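*Asks:* this one's sequence-less:
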């Protein structure tokens, strides 16, 4: 394998030390057949995401620490999109023959860093060999009974709101994938660093999700595969349509700057880019102002009204002059062309 | 991808139908950002296992239905080894470009079949592309507070017991991997079918695990990587040693038959073969008889006393004449030579 006499048990024990700590609710952490965890009296939330090398990330453009961090954050984002809070996680990791133990240790340090950031604990895992790095993280969480928000509750007349700004993660990916020479002059700038950070260290909006749930969100999803694709999922789940005011879509400032040095359309990145992990929600018109004020005061997070839910199905884009055209639900599809 | 206009969302919806049903405790199943599940008042159990094509299975020698079944069963076995019962599962699946939708549907049918068998529900998942099939299943369960059995409680003087018989799963693997011509005469026999079934459709000992816990098991593990390796883990976790009476080790009858047609040593397969998913436990000497009677009466499952826990560390094999020699903890190691 990698030169040393290092067994699966040895590596697992090293990784357990990285995850160790006195975590509330953990009766038994990694190292046994399974973890033992104190029950929650709230509804349980359960979600899993798999990140595959060459598909979801490249080892050349991501550090193992960022990869570990992101693998946790994207799952926490799914819990946040239900209005919940994360509690525990387990990690299954496939590694190519000849991997560097140091690389794996960095990966686990990133997992731990994100777990600490979101006040949760990684309590177990499994190691295997694979042709490429495959990282599957499962996260459990909790949400008060009656306080969960699903994708399916949008009603005609609801406003469509989104947290933060969009397009930065996709912009960061374009920057990382561009020929180094062509973007060398930009890489040191604050806006370029912001784009790369949005791609490699996404923020899960846990507090914002709970607040939106409390403020009466009728449907919610995290923007993982692109605004139009994820909004289309809300529409499909609720049996409704949506109209998006293109002028209102909050495009990340740094993406506008990227548009000045690369042939990218900032609005298209914001609509279709994905991986922003902002929360997209629907709510009654009279709930929007209070929710926006709450998010701003408690988290410094902007909430933008970008359109309305309508009867029917499918998406339309509303231009500045009020003209409407169909809006295709484009975005990330693992099996798409 | 595979010629049709079949998106990730389309495939996910087809797979959700396979998993659908009125499952107790499930408020929201697959199809949203996360599942919503009613809490248990017992301790929660959480475990994950990743199966990788070319490492843990071959597509040529396993059917997708068996693969799905096994992926659930091996996780349920981990829950059983804590003395717990499974409740819910989530599945992350990486698929090579060009995969057959029918293959994936069969895989999910196997996941569903095992979930029904073990009275649990698959409540969510994630799909991705990968160079090889990678299947990561996470299972949650519950165990009464105070009723969980870990790997670490073995005490000097405890007896070592194991359920069922060993070596059949490894025997089945040898049979599947042998040149077809060399084993053609054996393949139709009942013992050969038994070996292949042990490999492709392992049984998780849920009821047996709960019974052993109630009968006072001090430590427990499932035999996934081989008896000696898993017993060594119990010894390491408990800071103790173990003596195994080789004559007492229950070798599966079908493995003895295999030894007549292939150059395999039945006892070695039983000691080091792995994937039997029998339960290996330790308990006070006076608890063994009652536990064995209980398992026989309730489940028709044999419990065999194979040795004793001692002070010190490491394993020794005790021969029929009472002679002792060191017993190496050999067995499956993903990163081993």
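*Replies:* Arrived safely. Source: prediction; values computed, not measured.

*Asks:* can you give me the strands for the stretch 101-250 of chain A?
*Replies:* Assigned strands in the stretch 101-250 of chain A, in chain order: A:121-129, A:134-143, A:159-163, A:219-222, A:241-245 (criterion: DSSP state E, counting those that start in this stretch).

*Asks:* partners of the second one, with directions?
*Replies:* So that's strand A:134-143. Strand A:134-143 has the following sheet partners, assigned by DSSP bridges: strand A:43-52 (antiparallel), strand A:85-95 (antiparallel).

*Asks:* closest to residue A:202 out of those?
*Replies:* strand A:43-52 (11.8 Å; C-beta to C-beta). C-beta: built from backbone N, CA, C; applies to glycine.

*Asks:* report the next helix or strand after the closest one in sequence order.
*Replies:* helix A:64-80 (DSSP states H and E).

*Asks:* of all the strands of the stretch 101-250 of chain A, which one comes closest to residue A:51?
*Replies:* strand A:134-143 (4.7 Å).

*Asks:* returning to that earlier point: just put the strands of the stretch 101-250 of chain A in JSON lines and tack on mean pLDDT and mean neighbour count.
*Replies:* Listed next are the strands of the stretch 101-250 of chain A as JSON lines, based on pLDDT from 0 to 100; neighbours: other C-beta atoms under 10 Å in any protein chain shown:
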{"stretch": "strand A:121-129", "mean pLDDT": "96", "mean neighbour count": "24"}
{"stretch": "strand A:134-143", "mean pLDDT": "98", "mean neighbour count": "29"}
{"stretch": "strand A:159-163", "mean pLDDT": "98", "mean neighbour count": "25"}
{"stretch": "strand A:219-222", "mean pLDDT": "98", "mean neighbour count": "26"}
{"stretch": "strand A:241-245", "mean pLDDT": "98", "mean neighbour count": "20"}
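
*Asks:* now render those as CSV, adding distance to residue B:238.
*Replies:* Converted to CSV, these look like this (distance: least, C-beta to C-beta, whole Å):
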stretch, distance to residue B:238
strand A:121-129, 19
strand A:134-143, 28
strand A:159-163, 50
strand A:219-222, 44
strand A:241-245, 59
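
*Asks:* could you export the strands paired with strand A:134-143 as a markdown table, including mean neighbour count and mean pLDDT?
*Replies:* A markdown table is the format used below for these (neighbours: other C-beta atoms under 10 Å in any protein chain shown; pLDDT from 0 to 100):
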| stretch | mean neighbour count | mean pLDDT |
| --- | --- | --- |
| strand A:43-52 | 26 | 98 |
| strand A:85-95 | 27 | 98 |
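
*Asks:* which residues of the stretch 151-300 of chain A lie near chain B?
*Replies:* A:151-152, A:220-222, A:233, A:237 (C-beta under 8 Å from any C-beta of the partner chain).

*Asks:* among these, which two are most distant?
*Replies:* So, those by C-beta to C-beta: farthest apart are A:152 and A:222, at 15.3 Å.

*Asks:* so where's the stretch 201-337 of chain A uncertain?
*Replies:* Confidence mapping of the stretch 201-337 of chain A against pLDDT under 70 gives the ranges A:331-337.

*Asks:* before we move on, the earlier item: which among the strands paired with strand A:134-143 is found nearest to residue A:169?
*Replies:* Per C-beta to C-beta, nearest to residue A:169 of those: strand A:43-52, 14.0 Å.

*Asks:* so how far is that closest one off the chain centroid?
*Replies:* Put simply, strand A:43-52 sits 11 Å off its chain's centre (C-alpha atoms, centre = their mean, to the nearest Å).

*Asks:* try stretch A:317-331
*Replies:* The chain centroid and the centroid of stretch A:317-331 are separated by 25 Å under C-alpha atoms, centre = their mean.

*Asks:* can you pull the phi/psi pair for the spatially closest residue to residue A:144 that is not a sequence neighbour?
*Replies:* Excluding the flanking residues, the one nearest residue A:144 by C-beta to C-beta, 6 or more residues apart in numbering or on different chains is residue A:42, at 5.3 Å. In terms of degrees, to the nearest 10, the main-chain angles of residue A:42 are phi -90, psi 170.

*Asks:* check contacts around residue A:42.
*Replies:* A:142-145, B:39 (C-beta atoms under 8 Å, 6 or more residues apart in numbering or on different chains).

*Asks:* repeat that with 6 Å
*Replies:* A:142-144 (C-beta atoms under 6 Å, 6 or more residues apart in numbering or on different chains).

*Asks:* so for it, what's the pLDDT?
*Replies:* Here the pLDDT value assigned to residue A:42 is 97.

*Asks:* ditto for residue A:183
*Replies:* Listed pLDDT for residue A:183 reads 82.

*Asks:* that one - how many residues pack around it?
*Replies:* Neighbour count of residue A:183, defined by other C-beta atoms under 10 Å in any protein chain shown: 17.

*Asks:* residue A:216 too?
*Replies:* Applying other C-beta under 10 Å, we find 17 residues neighbouring residue A:216.

*Asks:* apart from its neighbours in sequence, what residue is nearest it?
*Replies:* Leaving out its chain neighbours, the residue that sits closest to residue A:216 by C-beta to C-beta, 6+ apart is residue A:287, at 4.5 Å.

*Asks:* returning to that earlier point: show me which of the residues of the stretch 151-300 of chain A next to chain B is closest to residue A:274.
*Replies:* Relative to residue A:274, the closest of these is residue A:222; by C-beta to C-beta it sits at 10.3 Å.

*Asks:* touching, that closest one and residue A:76? I think so.
*Replies:* No. The pair residue A:222 / residue A:76 is not scored as a contact, 9.6 Å apart, by C-beta atoms under 6 Å.

*Asks:* now do the residue nearest to residue A:312 when sequence neighbours are not counted against residue A:168, distance only.
*Replies:* Nearest non-adjacent residue to residue A:312, counting by C-beta to C-beta, 6+ apart: residue A:241, 3.9 Å away. Residue A:241 sits 28 Å away from residue A:168, going by C-beta to C-beta, to the nearest Å.

*Asks:* in JSON lines, list the strands paired with strand A:134-143 along with distance to residue A:121.
*Replies:* Listed next are the strands paired with strand A:134-143 as JSON lines, based on distance: least, C-beta to C-beta, whole Å:
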{"stretch": "strand A:43-52", "distance to residue A:121": "15"}
{"stretch": "strand A:85-95", "distance to residue A:121": "6"}
